[in-house]
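Visitor: Make a model of this:
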Amino acid sequence: MTLAYDYPALGAFWTVMWIFLWILWLVLLFRIIGDIFRDDTLGGLGKTGWLVFVIVLPFLGVFVYVLARGKGMGKRAEHQARARQQAFDDYVRETAGSGTGPGNEVDQLTKLSAIRAKGDISEAEFQRAKEKILH
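Guide: I've put the predicted structure just below:
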């Protein structure tokens, strides 16, 4: 490694590279720990075993976990992201659709007048329904 210290820029490059790789490994370690807890197919003993393996022998544990269960990590992360998006979409639909403000009244009146225009209800029924909506 004397070459790296003959050229200060190369020494700085190696230092930055090692720091980057160390941070990358830490991110991977925490992602694996999160995946261990997220996995519903593992029982308590399996989760404990993987967690101890990853914490006691971190480098070997991370590499073995990625080799053994890496494909499932992506699928579990995708499943969780889809579930979160679906829950968010359901919440937005429920919140937007259950409003009692003027927008909701306008929508109801629009639907009611469309029904009247088709001839499915009479003028008297339309007036009664309109009064219920407006009051």
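Visitor: What strand or helix carries V66?
Guide: Using DSSP states H and E, V66 sits in helix 58-97.
Visitor: What lies in contact with the next helix or strand after that helix?
Guide: Toward the C-terminal end, the helix or strand that comes next after helix 58-97 (DSSP H and E) is helix 102-118. The contact list for helix 102-118 (CB atoms under 8 Å, 6 or more residues apart in numbering) reads I121, E123, F126, A129, K130, I133, L134. The way it works is simple: take the backbone N, C-alpha and C, and place the C-beta from them, glycine included.
Visitor: Just give me the neighbour total for the third one.
Guide: So that's F126. The tally of other residues near F126 (other CB atoms under 10 Å) stands at 17.
Visitor: Need the nearest residue in space to it, chain neighbours excluded.
Guide: R116 (4.5 Å; CB to CB, 6 or more residues apart in numbering).
Visitor: cool, and the second one?
Guide: Counting by CB to CB, 6+ apart, E123 lies nearest to R116, which is 7.3 Å off, once chain neighbours are set aside.
Visitor: Let me know the closest of the contacts of helix 102-118 to A68.
Guide: I133 (60.8 Å; CB to CB).
Visitor: pLDDT score for the closest one?
Guide: If you check I133, the pLDDT there is 82.
Visitor: same deal with L26?
Guide: In this model, L26 carries a pLDDT of 92.
Visitor: and it, how many neighbours does it have?
Guide: Neighbour tally, L26, other CB under 10 Å: 12.
Visitor: Centre of the chain to whichever strand or helix holds it, how far?
Guide: Using DSSP H and E, L26 maps to helix 8-38. Between the centre of helix 8-38 and the centre of its chain there are 24 Å (CA atoms, centre = their mean, to the nearest Å).
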